[in-house]
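K.L.:
Sequence first, predicted coordinates after that:
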Amino acid sequence: MLKRLFIVMLLTIPLYTIAQTGISGGVFDYENKSFPLQKVTVRNLNNQKVVLTGAAGQFTITANKGDLLEFSLPGYHTDTLYLTNMQAKTIYLPSQSTNLKQVDVKGARLSNDLQLKDPNAPGFSRVSGIAPTKNIQRAGGVGLAFGSGKDKRERAKVKRLEEASFYETEINQYFNEEHVSGLIKLQGQELKDFINLYRPSVARVKSERPFNYDFYIAQAYQTWLKLPPEGRKLSPVPTGKN
């Protein structure tokens, strides 16, 4: 009996070890891809496990397929990774650009100590004998013509439409059936319903730059799983009766 129990324990230990192996990988600088980033916080948002990368940028964390990992380091953009498989991962974090504050010069004052007059410059004398002209029309120079209020509104409208078109194109590129199905386990009509239900708005994508589509999709999927079957699709648009 003890011998059989010992054999069962020997067979169980490797399986337990494999289950606890998790995912491994490395984190590097996005611009200099050969430069490893150490002390990057790697967090599994599903089981709340946290590890830090080593001197070579390496990490190993307990995880399963379908988990969402978050990578953060001061001075770098936070990135996320949705695990579609358990192969080793290589992550490249882009650094955060420093935006200099704009300085508006509202006025300038010249010091009285500055000797701006050239002592060697010839004296100034008024030319006499030429009567002033009575022609008040502009003889030269550059004229600045400002558009009317209507023109400005039209230009602003065109700019808004072009901006909206840019974001719609970006959303279509990253929030489509091919990209979404590569991240989450949905196919067919369920996939179509998910896309219709959780398509991000232009306002949201515009306000969160750069917009992390993979993280958004993973979060939306976790919310979708908690919905009842009847809540996983958009309600049909009511039609007026004749």
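P.N.:
Okay, I see it.
K.L.:
Which neighbouring elements make contact with the strand of greatest length in the chain?
P.N.:
Secondary structure of the chain per DSSP state E: the longest strand is strand 23-29. Packing partners of strand 23-29 (3 or more C-beta pairs under 8 Å, 6 or more residues apart in numbering; DSSP states H and E): strand 58-61, strand 89-93. To be clear about C-beta, it is placed using only N, CA and C from the backbone, and glycine gets the same treatment.
K.L.:
what does it contact?
P.N.:
Applying C-beta atoms under 8 Å, 6 or more residues apart in numbering, the set of residues contacting strand 23-29 from outside is 34-37, 40, 42, 53, 56-61, 63, 69, 71, 73, 83, 86, 88-93, 95.
K.L.:
a helix runs through Arg153, doesn't it?
P.N.:
Yes - assessed with DSSP: H, G, I helix; E, B strand; the rest coil, Arg153 lies in a helix.
K.L.:
Let me know how buried it is, in neighbour terms.
P.N.:
11 (other C-beta atoms under 10 Å).
K.L.:
let's have the chain start at 16 instead
P.N.:
With the count now opening at 16, the last piece we talked about shows up as Arg168.
K.L.:
And the closest residue to Lys200 other than its chain neighbours, how close does it get to Lys241?
P.N.:
Computed as C-beta to C-beta, 6 or more residues apart in numbering, the closest residue to Lys200 that is not its neighbour in sequence is Gly81, at 7.5 Å. Distance of Gly81 to Lys241, computed by C-beta to C-beta, to the nearest Å: 15 Å.
K.L.:
what does Gly164 give?
P.N.:
Per C-beta to C-beta, Gly164 is found 51 Å from Lys241.
K.L.:
Then Ser87?
P.N.:
Distance of Ser87 to Lys241, given as C-beta to C-beta: 26 Å.
K.L.:
try Asn59
P.N.:
19 Å.
K.L.:
now swap in Asn227 and tell me
P.N.:
Relative to Lys241, and taking C-beta to C-beta, Asn227 is found at 21 Å.
K.L.:
Counting neighbours around each, name which of these two comes out higher.
P.N.:
Legend: neighbour count by other C-beta under 10 Å for Asn227 and Lys241, higher for Asn227 (16 against 7).
K.L.:
Thanks a lot, catch you later.
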